[in-house]
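Trainee: Coordinates for the following, if possible.
(one chain, ligands or ions: 2)
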Amino acid sequence: MEETHEHLGARAAQLISAGSFFYHRGWMPATAGGLSARLDDHRMVITESGRNKGELGHDGLMMVDLDGNVLSPGKQPSAETFLHIILYRRSPRIGAVMHTHSVSATVLSRIVEGAELTLTDCEVLRTLPGIACRDASITLPIFGNDQDIPQLAAQVDDHMNRHPDTPGYLIEGHGFYTWGRDAAEARHHVEAFEFLFDCELQLRRLKP
Ligand SMILES: CSC[C@@H](O)[C@@H](O)C(=O)COP(=O)(O)O
Ligand SMILES: [Zn+2]
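Mentor: Ligands and ions are numbered 1, 2, ... in the order given. Modelled structure (predicted):
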């Protein structure tokens, strides 16, 4: 079915549902975070900037092409649109991108020494079958926060050229990005990683 501005189809419904779930888990406070899904080779549906993701309706979503051109007249896309675009451009296997601002991701991104976080020794890692986790551990890069989104997107792209299996990344003092082949898989990744971040933070509190 051809997607129109008024009706962005099943993908929009999946983003609305994910937004509500993440907001109510406290992973998208206020208007923070962003959600998108690929529509085809050239276009995606993405959250409008400044929307509360717990109360998203179809009017809180819009179409943007993979050059960043707005296809929904009068709407302002997420300030972080290029962090979504860079991933869709990299691989046709990426069908959805999700960005959260949870307490655990934000705190961990600030207290970890070095520019990466390794998550290990947790059964939930095994719920990520599509993700390469040799020896049951996953390492996520941590990028410095930067309001220059195209510059940050270039850093992410450069990292992924060197580490193409990267399943997500943290931005210091900001939040977390992950993705999947579709919205259901990206949501699964958010849920698993947020659990892992909570565990890691608790462990660091109990065993400093
Ligand atoms: C005001 S919340 C922080 C925002 O700058 C940003 O980090 C974010 O995740 C949401 O931006 P948005 O433009 O609403 O998609
Ligand atoms: Zn953000």
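Trainee: Tell me the helices and strands packed up against whichever helix in the chain runs longest.
Mentor: In the chain, with assignment by DSSP state H, the single longest helix is helix 183-206. Judged by 3 or more Cβ pairs under 8 Å, 6 or more residues apart in numbering; DSSP states H and E, helix 183-206 is in contact with helix 9-24, strand 96-100, helix 103-111, strand 116-120, strand 175-180. C-betas here are computed from N, CA, C, even on glycine.
Trainee: Need the CA coordinates for the third one. PDB is fine.
Mentor: Taking C-alpha atoms only, helix 103-111 is exported to PDB below (Å, rounded to 0.1, in the frame of the first residue of the first chain):
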ATOM      1  CA  VAL A 103      18.600   7.100  33.700                       C
ATOM      2  CA  SER A 104      20.800   4.000  33.500                       C
ATOM      3  CA  ALA A 105      22.100   4.700  29.900                       C
ATOM      4  CA  THR A 106      22.700   8.300  30.800                       C
ATOM      5  CA  VAL A 107      24.500   7.700  34.100                       C
ATOM      6  CA  LEU A 108      26.600   4.800  32.700                       C
ATOM      7  CA  SER A 109      27.700   6.800  29.700                       C
ATOM      8  CA  ARG A 110      29.200   9.300  32.200                       C
ATOM      9  CA  ILE A 111      30.800   7.100  34.700                       C
END
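Trainee: what packs against that helix?
Mentor: Helix 103-111 packs on strand 168-171, strand 175-180, helix 183-206, going by 3+ Cβ pairs under 8 Å, 6+ apart.
Trainee: can you put the helices and strands packed on helix 183-206 in a markdown table and add mean neighbour count?
Mentor: Shown next, in a markdown table, are these (neighbours: other Cβ atoms under 10 Å):
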| stretch | mean neighbour count |
| --- | --- |
| helix 9-24 | 19 |
| strand 96-100 | 28 |
| helix 103-111 | 18 |
| strand 116-120 | 16 |
| strand 175-180 | 26 |
